[in-house]
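heads up, no residue letters with this:
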């Protein structure tokens, strides 16, 4: 019986071996077509052919961002690995030619992976890796003539981003950089196939907002690789398609005028002294030029600035640290869009609108402008304690910027709202509601990345309560410990007292908070762009525009793919009579004597009438912020709104207003200068092609 079982087992084993052998013979010999197909599929690889990015041009088609050709040396890693020594000799010779250490070259061509230190290659391992850009023609000739010594090395022309105007409009234009793995994974999860490991994408500014239009469509080269990883040949390829051109509303000439005026005034102001005898610090500033008829931004200037060229080919840690260093003025930050500053009296546009529309301040009313006014338990002064004798109307209160008139409005509003709260009713908070209607307290919605624009701050009861809930324990702790790290005793005492007050009453919206809000002081903050949007609503009849830098997308053949339409966010709740009254009150006529007119001595106001409001905002521990919000012409429908701001520069009429004046002189061609816009900004899209 045992012998029979053994015999059966032998038969089964032999049968299995025969079956397995037959199957292997079929797969390896008889099914040759399937074997070839499998091998080909396994050894076909894709090499991405990067598409040139589209250009960015100004409102007249002049280049702001273009591409430039550069000589690039690349190394095919798979070709080196196929050599007997793994390509060490080639890297040694190449390092000597390029004056780069061979070990450094080896790092640059090593594929990035977990545990692999940078520099490394983030693209396809079968794609030639750029190791040096902007090399010389002599290096290229050497490599081409001595290919036997530089097997696997190539030298060719590639395109890189170019900024022909240097730092001009840098914060608006932005920059590009390589895609990272997280972004690539997210794109694939979303079903996108337009990103690859070595793609360059917009990282900031318009480059980021319109990245999908500018990037174009990459080509693909399908190459064959043998089982050792050596490139055998090319099967086929699709050509890359150049990206579209972005036409902007930025005017290169106006942008340059704004930047130069800002820089010149900051330089001048640093040589002058404040009333305490200290030189003005004037560390930074911003200027905005906007078309109030449609919300198009003509210029956005911010200083200090930077040259986006530093990002081409990758920025060093040292340079990035400098651009983000507060001690260097944080050049990467756009003061025009991201800055948050107390607006001072320029904010009275909103406060006046609120008081008149609520019925608190009728246009026919008369008001007292004493040098000081008691608000709650505090006495608040006009600028330098100066009042105006007798009764005045609202027109003079605006033109002469009488703070005590607005303190009185705010105090009455506050007591009225406290009465509502006592009666279990909702406070009206007229000042805050009107401020938000003018666009303050929320991002302006310009076509820049969301992280590059600020909301500013409009303080109300809900804001203070929320903040107190979040920070009460910190306030109380700081009050108890008394800031021992602060060496100045007066400062230490002040901070300790403030923390104690916040610990117990930080949730309260006090009457002093309302008074500060009415004149754009205290915790109230806005950006220069937000102020330009608000004044545009004033001078265009009440339309609040969503500002726009993009004008149109144009394909490489010059065909307009789409126009980027300006969008209205709504209407401010102010009737036309009130709007006209405020506008006429702030025009620089002899009858008004508006506070900013002093900066326009000798300016031909008979040819171009300007209207405007100065602001001088106090900042604790710093010198005053200088503001000027203006428009022109002030006697016909306005074509331009110009807002200027300089930190720690003193009076608005002495620092910010001269910047705006220089901009108007350049736009209109006054005082011997050539006019940038003899007939206003261009109405249509300029003709451009993809050859920018």
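Nice, thanks for sending it over. Just so we're clear, the structure is a prediction, and the values are computed from it rather than from any experiment.

excluding chain neighbours, what is closest to residue 603?
Nearest-residue entry for residue 603: residue 661, 6.2 Å, with adjacent residues in sequence omitted and distances by CB to CB, 6 or more residues apart in numbering. Where you see a C-beta, it was placed from the backbone N, CA and C, and this is true even at glycine.

please, which helix or strand holds that neighbour?
Using DSSP states H and E, the secondary-structure element containing residue 661 is helix 656-668.

which strands or helices does that helix pack on?
With contacts taken as 3 or more CB pairs under 8 Å, 6 or more residues apart in numbering; DSSP states H and E, helix 656-668 sits against helix 252-269, strand 285-291, strand 611-617, strand 625-632, strand 640-646.

quick one: closest of these to residue 417.
Residue 417 lies closest to strand 611-617 among the helices and strands packed on helix 656-668, at 24.9 Å (CB to CB).

mean confidence for that closest one?
Averaging pLDDT along strand 611-617 yields 96.

check stretch 433-442 too.
For stretch 433-442, mean pLDDT is 98.

with stretch 360-372 instead?
Per-region confidence: stretch 360-372 scores 94 on mean pLDDT.

what's in contact with that stretch?
The contact list for stretch 360-372 (CB atoms under 8 Å, 6 or more residues apart in numbering) reads 352, 355-356, 379-382, 385-388, 391-394, 396-397, 400, 402, 404-405, 408-409, 412-413, 430, 577-578, 581.

run the last query once more with 6 Å
If you take CB atoms under 6 Å, 6 or more residues apart in numbering as the criterion, stretch 360-372 is touched by 355, 379, 381-382, 385-388, 391-394, 402, 404-405, 409, 581.

ends of it, how far apart?
The first and last residues of stretch 360-372 sit 20 Å apart, counting by CA to CA, to the nearest Å.

report the buried residues of that stretch.
Neighbour-count burial for stretch 360-372, with 16 or more other CB atoms under 10 Å as criterion, is recorded at 360-361, 367-370.

need the residues you listed in a markdown table (columns: distance to residue 107).
Output for these, formatted as a markdown table (distance: CB to CB, whole Å):
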| residue | distance to residue 107 |
| --- | --- |
| 360 | 70 |
| 361 | 70 |
| 367 | 73 |
| 368 | 76 |
| 369 | 72 |
| 370 | 73 |
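
among the residues you listed, which ones are in strands?
367-369 (DSSP state E).

between those residues, which is closest to residue 315?
residue 369 (54.0 Å).

tell me what the closest one is bridged to.
Counting by DSSP bridges, residue 369 is bridged to residue 388.

now do residue 613
Beta bridges link residue 613 to residue 629 when assigned by DSSP bridges.

picking up where we left off before, let's have the helices and strands packed on helix 656-668 in JSON lines, adding distance to residue 520 and mean neighbour count.
Rendered in JSON lines, the data for the helices and strands packed on helix 656-668 read as follows (distance: least, CB to CB, whole Å; neighbours: other CB atoms under 10 Å):
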{"stretch": "helix 252-269", "distance to residue 520": "21", "mean neighbour count": "21"}
{"stretch": "strand 285-291", "distance to residue 520": "16", "mean neighbour count": "28"}
{"stretch": "strand 611-617", "distance to residue 520": "6", "mean neighbour count": "28"}
{"stretch": "strand 625-632", "distance to residue 520": "8", "mean neighbour count": "30"}
{"stretch": "strand 640-646", "distance to residue 520": "12", "mean neighbour count": "31"}
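
out of the ones you listed, which comes closest to residue 17?
Closest of those to residue 17 is helix 252-269, at 81.9 Å (criterion: CB to CB).

on that earlier part again, which stretch among the helices and strands packed on helix 656-668 comes nearest residue 452?
Of all those, it is strand 285-291 that lies closest to residue 452, at 13.4 Å by CB to CB.

in the stretch 51-200 of the chain, which spans are strands?
Using DSSP state E, counting those that start in this stretch, the strands of the stretch 51-200 of the chain run over 56-57, 63-75, 129-132, 153-162, 176-178, 200-202.

what's the weakest-modelled helix or strand in the chain?
Least confident helix or strand, the chain: helix 32-42 with a mean of 52, by mean pLDDT, DSSP states H and E.

center of this structure, which residue is that?
For the chain, residue 452 is the residue whose C-alpha lies nearest the centre (CA atoms, centre = their mean; 3.9 Å).

gap between it and residue 55?
Computed as CB to CB, to the nearest Å, the residue 452 to residue 55 distance reads 21 Å.

so which of the ones in strands among the buried residues of stretch 360-372 comes closest to residue 435?
Set against residue 435, the nearest of those by CB to CB is residue 367 (21.1 Å).

measure that closest one to residue 441 for me?
Using CB to CB, residue 367 is found at 27 Å from residue 441.

how many neighbouring residues does residue 322 have?
With neighbours defined by other CB atoms under 10 Å, the count for residue 322 comes to 17.

that one: helix or strand, and which one exactly?
Per DSSP H and E: residue 322 is located in helix 317-323.

list the buried residues in that helix.
322-323.

what's the answer for stretch 471-483, then?
Going by neighbour count (16+ other CB under 10 Å), the buried part of stretch 471-483 is 475-476, 478-479, 483.

now render the residues you listed as CSV, adding pLDDT.
Formatted as CSV, the buried residues of stretch 471-483 follow (pLDDT from 0 to 100):
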residue, pLDDT
475, 95
476, 95
478, 95
479, 94
483, 94
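
and stretch 510-529, average pLDDT?
97.

tell me which residues of it come out buried.
Of the residues in stretch 510-529, 510-522, 524-529 count as buried by neighbour count, 16+ other CB under 10 Å.

how far does it stretch from one end to the other?
Using CA to CA, one end of stretch 510-529 lies 29 Å from the other.

what sits up against it?
286, 288, 336-337, 339-344, 347, 351, 375-376, 378, 403, 406-407, 410-411, 414, 431, 440, 444, 454, 456-457, 459, 643, 645.

out of the residues you listed, which end up buried?
Applying 16+ other CB under 10 Å to those flags 286, 288, 336-337, 339, 341-344, 347, 351, 375, 403, 406-407, 410-411, 414, 431, 440, 444, 454, 456, 459, 643, 645 as buried.

could you list which of those residues belong to helices?
If you go by DSSP state H, the buried ones among the contacts of stretch 510-529 have 351, 403, 406-407, 410-411, 414, 431 in helices.

and these, which is closest to residue 182?
residue 431 (43.8 Å).

check contacts around that closest one.
Counting by CB under 6 Å, 6+ apart, residue 431 touches 354, 517.

from residue 634, how far out is it?
26 Å.

what's the answer for residue 125, then?
Separation of residue 125 from residue 634 (CB to CB): 65 Å.

looking at these two, which is more packed in?
Just comparing residue 125 and residue 634: by other CB under 10 Å the higher neighbour count belongs to residue 634, 20 against 17.

phi first, then psi, for that one.
phi -90, psi -10 (degrees, to the nearest 10).

now it, nearest residue through space, not along the chain?
Residue 634's closest residue in space is residue 611 (CB to CB, 6+ apart), at 3.6 Å.

any idea how far the one you found lies from residue 597?
Look at residue 611 and residue 597: by CB to CB, they are 10 Å apart.

what pLDDT does the closest residue to residue 432 other than its chain neighbours get?
The shortest distance from residue 432 to any non-neighbouring residue, by CB to CB, 6+ apart, is to residue 460 (4.6 Å). pLDDT for residue 460: 96.

now residue 29
With respect to pLDDT, residue 29 has a value of 57.

do the same with residue 672
We have a pLDDT of 81 for residue 672.
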